[in-house]
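In: quick one: sequence plus predicted model below, questions after.
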Amino acid sequence: MPPLSPAPLWRMILDVTLLGVTGIVLLILGYYIWEVVTPYNLRRELQDNKNVAVAVVAASFIVGMALVLAAALLRNR
């Protein structure tokens, strides 16, 4: 079997762009779903009340979703 040739540069750039945009859109969608599901207003807690605990939970949620999305998007590639 002959060795596989690498994909052209334009195809790699297109793949990375599509995966990046898809990941960002899914992260934003997940954030807004989480905003609806939680009993408190996340923005009000972060901006007005300066609640550090909510900021830590929000950051860990975003990082966790990003890890799951990255694994899912790269696995299907």
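Out: Everything's here; your move. This structure is a prediction, so every number in the text was calculated from the model and none was measured.
In: which SS class is residue 6?
Out: Counting by DSSP: H, G, I helix; E, B strand; the rest coil, the backbone at residue 6 sits in coil.
In: one more: residue 39?
Out: coil.
In: count of neighbours near it?
Out: Look at residue 39: counted by other Cβ atoms under 10 Å, it has 4 neighbours. All C-beta atoms are positioned from the backbone trio N, CA, C, and that covers glycine.
In: try residue 48
Out: 9.
In: and the gap between it and residue 21?
Out: Applying Cβ to Cβ, to the nearest Å, the value for residue 48 to residue 21 is 32 Å.
In: what's the answer for residue 30, then?
Out: Residue 30 sits 15 Å away from residue 21, taking Cβ to Cβ as the criterion.
In: the two: which is more packed in?
Out: Legend: neighbour count by other Cβ under 10 Å for residue 30 and residue 21, higher for residue 30 (17 against 10).
In: how about low-confidence regions in the chain?
Out: Scanning the chain for pLDDT under 70 picks out 1-3, 73, 76-77.
In: which residues in it form helices?
Out: All helices of the chain, identified by DSSP state H, fall at 9-37, 42-47, 52-75.
In: what residues sit buried inside the shortest one?
Out: So the one you mean is helix 42-47. For helix 42-47, the neighbour count (16 or more other Cβ atoms under 10 Å) marks 42, 45 as buried.
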